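1. Here is a sequence with its predicted model. Questions after.
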Amino acid sequence: MIYWQIFLAFFIPGILGYGGGPSSIPLIENEVVGRYDWLTVHEFSEMLALGNALPGPIATKMAGYIGYQQAGIPGAAVALFATVAPSLILMIALLGLLLKYKDSPKVKKMTLLVRPAIAVLLGVMTISFFLSSISIEGSGYVQTILIAGVSLLLLQKWKLHPAYVIAGALVYGAVFL
């Protein structure tokens, strides 16, 4: 019975929490504090603060913690699955729809119209990252140009896999920055 309760406690906020983890926090609080009394408001706020300090999506961190607290590792697994299940189900359904209509002229036109918007969003993000990286105290401008130039050579000239380039940039940043 506890596994079903854990599942419902995280599946319902996953369905209703439009906007991702932060929008589902009040819904999760209602379930785990209000409905099931697994945590007090104070414990929930402490868990939320700890979850925000760690990297990654907040809803899955909260689900794993509460699921583990209530039913051990199987409880954590159920809670994590319940958190991602609404998105997973919707993605599978939409993928089925997309595959069914992939040859439709309307779908092809929609895909062509979305590509420039994605390119602009990625370009704006790149410019924003570049401007914030060159404003770092000291030699931020030189370091940014160096990493970008070496990355470009590794990717274009030597056809190195992007994962290795990213890992190399991370190691360079950890050592020299």
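-> Right, received. Where do you want to start?

2. Not counting sequence-adjacent ones, nearest residue to the residue nearest to the spatial centre of the chain?
-> The centroid of the chain falls nearest to residue 57 when counting by Cα atoms, centre = their mean (5.3 Å). In this structure, residue 57 finds its nearest non-sequential neighbour in residue 21, 4.9 Å apart by Cβ to Cβ, 6 or more residues apart in numbering. Glycine gets a C-beta too; all of them are placed from N, C-alpha and C.

3. Mind jotting down where the helices sit in this structure?
-> According to DSSP state H, the chain carries its helices in the segments 2-16, 21-29, 41-53, 58-100, 105-134, 140-152, 162-176.

4. by how many degrees do the fourth one and helix 41-53 diverge?
-> Per axes from the mean of the first three to the mean of the last three Cα atoms, to 10 degrees, the angle that helix 58-100 makes with helix 41-53 is 60 degrees.

5. Let me see the mean pLDDT of helix 58-100.
-> On average, the pLDDT along helix 58-100 is 93.

6. by contact count, what packs against it?
-> In terms of contacts (3 or more Cβ pairs under 8 Å, 6 or more residues apart in numbering; DSSP states H and E), helix 58-100 is packed against helix 2-16, helix 21-29, helix 41-53.
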